[in-house]
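>>> Quick one, fold the following:
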Amino acid sequence: MRLNVLHETRYRYSSPVVLSQQLLHLTPRTLPWQACRTHRITVAPQAGEFDWHQDYYGNPIVRALLAAPHEALLVRAESEVEVAPREQAALAAPQIPWETLRERLHALDAPPLEPADFLYESPHVETWHELADYAAKSFRQGHGALEAARDLARRIHKDYAFDRKATSVATPLRQVVRQRRGVCQDFAHLMIGCLRSLGLPGRYVSGYILTDPPPGRPRLVGADASHAWVSVYCGEEAGWVDIDPTNDCLVDDEHVTLGWGRDFGDVTPMRGVILGGGEQELEVRVTVTPMSGAPLESMHDG
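Residues are numbered from 1 along each chain as shown. Sure thing, here's the model as predicted:
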């Protein structure tokens, strides 16, 4: 799948902003199954400082500093990305019982460093016994980690309603569990909380999805400023496998990966601090275009 992704974020302020510093997670990662052929970020008004870095998890980030007064801010990221199929490779990977995997990760000697980063609570993902009880219905004795995680995603898809108005980026996970509704970010946090409550690693993945697929493929749900799903660690041989609980599917070539972290807070597409500005109006527009097809567009106002 070859896709063009255009992500535009526009802020309007009721009074001038005299200083703005922004961190941008808007650059697709280069991965064995994903190649970012072209990528460009533009900021208006023009940033006085514009630096490229990598964060702790290897995600590309940009720091933009605007020191001139402005009453609006536009950040535009455009990428051409090639994504290879990977569903069949995930299904063919060797599996071990999830209990065995948990024992290895919690052995007295040091566990693999990368999975260890995603075993415990994080700012947006608590763990508590109700989550462990919910997950236990999928993680039956002797089942492989991937088999059990796919069943967990299937149950979240069935038990929780997709509702754009039910939550915000600040809605705690406990409230999502009570009301049984939310969006892709909430369902990713829920699944990660279930995994970690059982002592298994789960990491949060941010990206995009193609919402109007080629003929013969089902339409996916959840396009917005970005999409979110979960990466499950299935052992040293199988590695990390990505699952989308919002759409009850293994992640394949219709998903574009931006980056990953412990939860949403680690890979927020755009966050920063400003001096001044008063009230803010935010508009985010994402357009995902198959290179041989018409543009696909979704609008989010907040």
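>>> list the buried ones in stretch 193-201?
Within stretch 193-201, the residues that count as buried by 16 or more other C-beta atoms under 10 Å are 193-201. Every residue, glycine included, has its C-beta placed from N, CA and C.
>>> same question but for stretch 165-184, I mixed them up
Result for stretch 165-184 [16+ other C-beta under 10 Å]: buried residues 166-167, 171, 173, 176-177, 181-184.
>>> same question, stretch 235-253
Within stretch 235-253, judged by 16+ other C-beta under 10 Å, the buried ones are 235, 238, 240-253.
>>> closest to R262 among the residues you listed?
W240 (14.0 Å; C-beta to C-beta).
>>> R10 and E71, how far apart?
Noted for R10: a distance of 12 Å to E71, by C-beta to C-beta, to the nearest Å.
>>> domains of this protein?
2-83+267-301, 87-266 (automatic domain parsing).
>>> about what we covered before: how about JSON lines for the buried residues of stretch 193-201, with distance to Q46 and secondary structure added?
Converted to JSON lines, those look like this (distance: C-beta to C-beta, whole Å; DSSP: H, G, I helix; E, B strand; the rest coil):
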{"residue": "G193", "distance to Q46": "41", "secondary structure": "helix"}
{"residue": "C194", "distance to Q46": "45", "secondary structure": "helix"}
{"residue": "L195", "distance to Q46": "43", "secondary structure": "helix"}
{"residue": "R196", "distance to Q46": "42", "secondary structure": "helix"}
{"residue": "S197", "distance to Q46": "47", "secondary structure": "helix"}
{"residue": "L198", "distance to Q46": "49", "secondary structure": "coil"}
{"residue": "G199", "distance to Q46": "49", "secondary structure": "coil"}
{"residue": "L200", "distance to Q46": "46", "secondary structure": "coil"}
{"residue": "P201", "distance to Q46": "41", "secondary structure": "coil"}
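>>> residue boundaries of the strands in the stretch 51-200 of the chain?
For the stretch 51-200 of the chain, the strands defined by DSSP state E, counting those that start in this stretch cover 60-66, 70-83, 161-162, 181-182.
>>> what packs against the second one?
Read it as strand 70-83. Where contact means 3 or more C-beta pairs under 8 Å, 6 or more residues apart in numbering; DSSP states H and E, strand 70-83 is packed against strand 2-24, strand 34-44, strand 255-261.
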